[in-house]
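Asker: Dropping a prediction and its sequence here:
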Amino acid sequence: MIEQNLSLLLVVTPLLAAPVTAMLPNGRSPWLFTLIITWICLFLASWQLSLVMDGSIISYELGGWAPPWGIEYRIDPMNAFVALIVAGIAAITLPYALRSVEQEVPREQSSLFYAAFLLCLVGLLGIVQTGDVFNLFVFLEISSLSSYVLIAMGKKRRALTAAYQYLIMGTIGATFLLIGIGLVYAETGTLNMLDLHQRLQPILDHRTVHTGFAFIVVGIALKLALFPLHLWLPNAYTYSPSAISVFLAATATKVAVYIMLRMVFTVFSSAFVQLTPTNYIFLLLGIVGVVLASVSAIFQTDAKRLLAYSSIAQISYMVLGMGFASVLGLTATLVHVFNHALMKGALFMAVGAIVYRVGSSRLDEMNGLGRQMPWTFAAIFIGGLSLIGIPGTAGFISKWYLVLAAIEQQSWLITAIVLLGSLLAVIYMWKLVEIMFFCPQSNSIPDVKEAPVSFLIPMWILVIANIYFGINTELTVNIADTAVRLLGVTAP
Amino acid sequence: MIDIILGHYNYWIVILLMMMGFYTVISRSNLIKKIAGINIFQTSVFLLYISIGYVEDGTAPIIAEGYTTYSNPLPHVLILTAIVVGVATTALGLALVVRIKEAYGTIEEDEIHDQDMSL
């Protein structure tokens, strides 16, 4: 019974839970309820992944309407993998969120806060599960609208302007996607992804299809924060409540990467990518993004902002992988989606812990904190190593595959750029380490205690996962490889 | 030539509205005007979908005697959903503007920027 409806339950459970959460009395009960729901989602997502891991496919017809007329949830290893990332990060953010949110969000808003959190989770899981492009747009808007709310709940007033800026840019992006879907629908008369793929193949040279594709790619690129459409991201991550920074940094852009892969490779095809200059655009924007975002990260004076710019750089790596349009390149992208969620989750959690104790994420207020908060500092250190891509950490694996993909296509420039990006990451992470460990302590805040255990446990679970998936790559790489082969990538 | 202009007049209106809305979002610094621009932009997309669903001589898709051609109802349904999304976006955007006004005392983007920078 549950197994048959698994893919739908994963979306419906948090959807039904959200209004219930909103009606719960303020305080800790909404948090507890949300925690239980996210753990149920994690359980369902792992179950789902175990069913499709061997490359089989679950097709779920909503309301019994057969596709392509009805909405279909079509689960292959890629969906299940990304769904697991989203559900996993949500489940691990929630224990962390309790005290952080109590400090940053007024008590009378706590039930609404967790309701918005669940809605955001619904949206992200829905995007991942659905096999219908219009359904995808609706879920995208659900997740975006709730994330605007969540960001606006930040303590500083700049959270409001950050949320507003994100709202404007996010809505433009979503509307672009809608235009693209409309044009493609006008050409084919279908909205089901698989059906679209089949009907688009004979008409790939039509101008309407090209226009629709351009709108879709630009729309998703806005959500993805692909350079040069990344301007909303640094403010949104910097001023949102810490728990939300963790959750959004680790999931929202990853889901956008998933949409891009799905749209470009499943709906259109890798043949279409070869036919058009799409892969060159991806490669070009990826290269510029890696370099510029990493350089910007070096000059930031706020730890959260620094990590946000580093996120843009990491997203550019994923886009580089897409630009290769090869099995190795896309495997690198998917593995990096997973690994980046782990490392950015850990790093944002560590910075959030500092915000909890010090009240600010400005670098000049963090002098010498490493000695007072040794566990948090160690998490930043190991997370930083993973971000740089030191062997033995998860970050190394994805960089390794990316370099392999670049060498396979003999693009030495991109190999060099990937390595340069890592060097720049050394500089900005070292800046953080230097300030926290080697600078003398400032006298203004005399006694800072280590972060509470409810912060340290989720943080260290992610840190240990960073090391574990750096040594045992079987799970991530195998799933990514199976998923990419199902995408039908033919190019070398 | 005239056929291209007149025969597709609804699409020309869509493009015109789209550009108007988009330009308003980019060029105005008043936060409410930006929301209005986004609204126009979204509305143009609604029109685009409805134009796609048009079938020549088609009537509303209700089975009745004497009618055999119906316009395509699917885009209409899609746009109902998109309208709801648009309403939610507008409401949220305006609510944010109210909060921004309370926090900054202005809804002009450049003045807000100046206040943020002076900190």
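Answerer: Looks like it came in fine.
Asker: who in chain B is up against chain A?
Answerer: Proximity of chain B to chain A, by Cβ under 8 Å from any Cβ of the partner chain, involves residues B:22, B:25, B:31, B:34, B:38, B:41-42, B:45, B:48-49, B:52, B:75, B:78, B:81-82, B:85, B:88-89, B:92-93, B:96-97, B:99-100, B:103-104, B:112, B:116. Bear in mind the C-beta positions are built from the backbone N, C-alpha and C, glycine included.
Asker: What about those, which are in helices?
Answerer: When DSSP state H defines the helices, the subset of the residues of chain B next to chain A inside them is B:22, B:25, B:31, B:34, B:38, B:41-42, B:45, B:48-49, B:52, B:75, B:78, B:81-82, B:85, B:88-89, B:92-93, B:96-97, B:99-100, B:103-104, B:112, B:116.
Asker: List only buried entries from those residues.
Answerer: For these, a burial check counting by 16 or more other Cβ atoms under 10 Å in any protein chain shown picks out B:22, B:25, B:31, B:34, B:38, B:41-42, B:45, B:48-49, B:52, B:75, B:78, B:82, B:85, B:89, B:92-93, B:96-97, B:99-100, B:103-104, B:112.
Asker: Can you name the residue of chain A nearest chain B?
Answerer: Nearest residue of chain A to chain B, counting by Cβ to the nearest Cβ: A:Arg157, 3.9 Å away.
Asker: residues contacting the residue of chain B found nearest chain A?
Answerer: Relative to chain A, the nearest point of chain B is B:Ala103 (3.9 Å; Cβ to the nearest Cβ). Going by Cβ atoms under 8 Å, 6 or more residues apart in numbering or on different chains, B:Ala103 touches A:157, A:160.
Asker: Against B:Glu109, how distant is it?
Answerer: 14 Å (Cβ to Cβ, to the nearest Å).
Asker: do the same with A:Ile92
Answerer: For A:Ile92 relative to B:Glu109 (Cβ to Cβ), the value is 37 Å.
Asker: Assign A:Gly392 to helix, strand or coil.
Answerer: coil (DSSP: H, G, I helix; E, B strand; the rest coil).
Asker: wait, it sits on A:Tyr468?
Answerer: No: using Cβ atoms under 8 Å as the test, A:Gly392 is too far from A:Tyr468 to be in contact (10.5 Å).
Asker: which ones are touching the closest residue to A:Ile179 other than its chain neighbours?
Answerer: The shortest distance from A:Ile179 to any non-neighbouring residue, by Cβ to Cβ, 6 or more residues apart in numbering or on different chains, is to A:Phe215 (4.6 Å). Residues near A:Phe215 by Cβ under 8 Å, 6+ apart: A:176-177, A:179-180, A:183.
Asker: Export the residues you listed to JSON lines and append columns for neighbour count.
Answerer: Compiled in JSON lines, these are given as follows (neighbours: other Cβ atoms under 10 Å in any protein chain shown):
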{"residue": "A:Phe176", "neighbour count": "23"}
{"residue": "A:Leu177", "neighbour count": "25"}
{"residue": "A:Ile179", "neighbour count": "23"}
{"residue": "A:Gly180", "neighbour count": "24"}
{"residue": "A:Leu183", "neighbour count": "23"}
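Asker: that older thread, ramachandran angles for the residue of chain A closest to chain B?
Answerer: Here is the backbone geometry of A:Arg157 (degrees, to the nearest 10): phi -70, psi -20.
Asker: Going by neighbour count, list what's buried in the helix or strand that contains A:Ala214.
Answerer: Using DSSP states H and E, A:Ala214 sits within helix A:207-224. By 16+ other Cβ under 10 Å, the buried positions in helix A:207-224 come out as A:209-210, A:212-224.
Asker: ok, now stretch A:66-86?
Answerer: For stretch A:66-86, by 16+ other Cβ under 10 Å, it's A:67-68, A:71-86.
Asker: tell me the contacts of the closest residue to A:Lys155 other than its chain neighbours?
Answerer: Leaving out its chain neighbours, the residue that sits closest to A:Lys155 by Cβ to Cβ, 6+ apart is A:Glu104, at 5.3 Å. Applying Cβ under 8 Å, 6+ apart, one finds that A:Glu104 lies in contact with A:153-155, A:241-243.
Asker: all strands for the stretch 1-150 of chain A, in order.
Answerer: Remark: strands assigned in the stretch 1-150 of chain A by DSSP state E, counting those that start in this stretch are A:58-61, A:72-75.
Asker: how about the CA coordinates for the first one, as PDB?
Answerer: The C-alpha coordinates for strand A:58-61 follow below in PDB (Å, rounded to 0.1, in the frame of the first residue of the first chain):
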ATOM      1  CA  ILE A  58       8.600   4.000 -10.900                       C
ATOM      2  CA  SER A  59       5.700   5.600 -12.900                       C
ATOM      3  CA  TYR A  60       2.900   6.900 -10.800                       C
ATOM      4  CA  GLU A  61      -0.300   8.100 -12.400                       C
END
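Asker: That concludes my questions; thank you for your assistance.
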